[in-house]
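Novice: kindly return the folded structure for what I paste below:
(one chain, ligands or ions: 1)
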Amino acid sequence: MTEEKLIEAIRIVPDFPVKGIQFFDVTTLFKDVACYAEVIDRICSLYADKGITKVAGIESRGFVTGAAVAARLGAGFVPIRKPGKLPARVVSEKYTKEYGTDSLEIHDDAITPDDVVLVHDDVLATGGTALAAVKLVKGFGPKAVFCNFIINITDCPRTSPIPEDVPVESILNMAER
Ligand code: AMP
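Specialist: Predicted coordinates for the structure are as follows:
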């Protein structure tokens with residue numbers, strides 16, 4: 001399948017959730033079985049030889065592909081969630097995103113120093129969300145951390161850059177404006 005076909009499957013919603021944001025809606029990609037399978041195939045082929053032992057998916061769209069990728073790579077899945085959602089003891093990290101501030105949480109026993117972790121989300125915009133997730137994961141001292149997105153918004157200022165020792169890969173590059 002071509003990259004154009006995947007891009008066409010993403011619904012662009014202007015002014016959501018606030019005016020001036022062009023929202024890349026991946027639910028239209030997820031509901032198309034061929035596109036959904038293609039995205040999972042592409043992500044898995046990027047990480048097949050990296051020894052990934054845990055995929056850490058960011059709530060909530062990062063769960064949809066992250067869990068499928070984890071199962072295919074033979075890795076465990078770890079949820080990184082919005083505050084108050086995880087039932088056991090957590091570690092938290094505050095962050096700034098393209099439209100506001102928030103924080104993320106992970107269970108304090110989610111990852112061990114033996115793990116090789118792939119952090120996954122649907123969209124990379126300013127990098128704030130991913131940076132917070134990477135900080136949470138790095139706090140466990142894993143062997144290595146990788147970061148993956150379905151869409152990299154190429155013209156969004158990367159105000160929260162991901163550390164250089166964390167390789168970043170995206171399946172699609174899309175401009176907002
Ligand atoms: P950021 O922290 O700015 O990189 O924003 C990334 C997070 O916010 C991801 O979890 C995305 O799901 C969501 N997000 C930010 N901007 C957009 C956008 N333009 N379209 C879709 N999702 C977005």
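Novice: near the ligand, which residues of the protein?
Specialist: 21-24, 58, 61, 97-98, 121-130, 153 (Cβ under 6 Å from any ligand atom). From N, CA and C alone the C-beta is placed, and that goes for glycine too.
Novice: please check the residues you listed and keep the buried ones.
Specialist: 21, 23-24, 58, 61, 97-98, 121-130, 153 (16 or more other Cβ atoms under 10 Å).
Novice: among those residues, which ones are in strands?
Specialist: Phe23, Phe24, Ile58, Lys97, Asp121, Asp122, Val123, Leu124, Ile153 (DSSP state E).
Novice: quick one: contacts for the first one?
Specialist: Shown here is Phe23, whose contacts under the criterion Cβ atoms under 8 Å, 6 or more residues apart in numbering are Ile12, Val13, Pro14, Phe16, Pro17.
Novice: pick the one among those residues closest to Lys50.
Specialist: The nearest member of the contacts of Phe23 to Lys50, counting by Cβ to Cβ, is Ile12 at 31.6 Å.
Novice: and that closest one, how many neighbours?
Specialist: Per other Cβ atoms under 10 Å, the neighbour tally for Ile12 reads 13.
Novice: can you tell me how far Ala144 sits from the ligand?
Specialist: 22 Å (Cβ to the nearest ligand atom, to the nearest Å).
Novice: who does the most centrally placed residue in the chain bridge with?
Specialist: Relative to the mean C-alpha position of the chain, the nearest C-alpha, by Cα atoms, centre = their mean, is the one of Asp121, at 1.4 Å. For Asp121, the beta-bridge partners are Phe149 (DSSP bridges).
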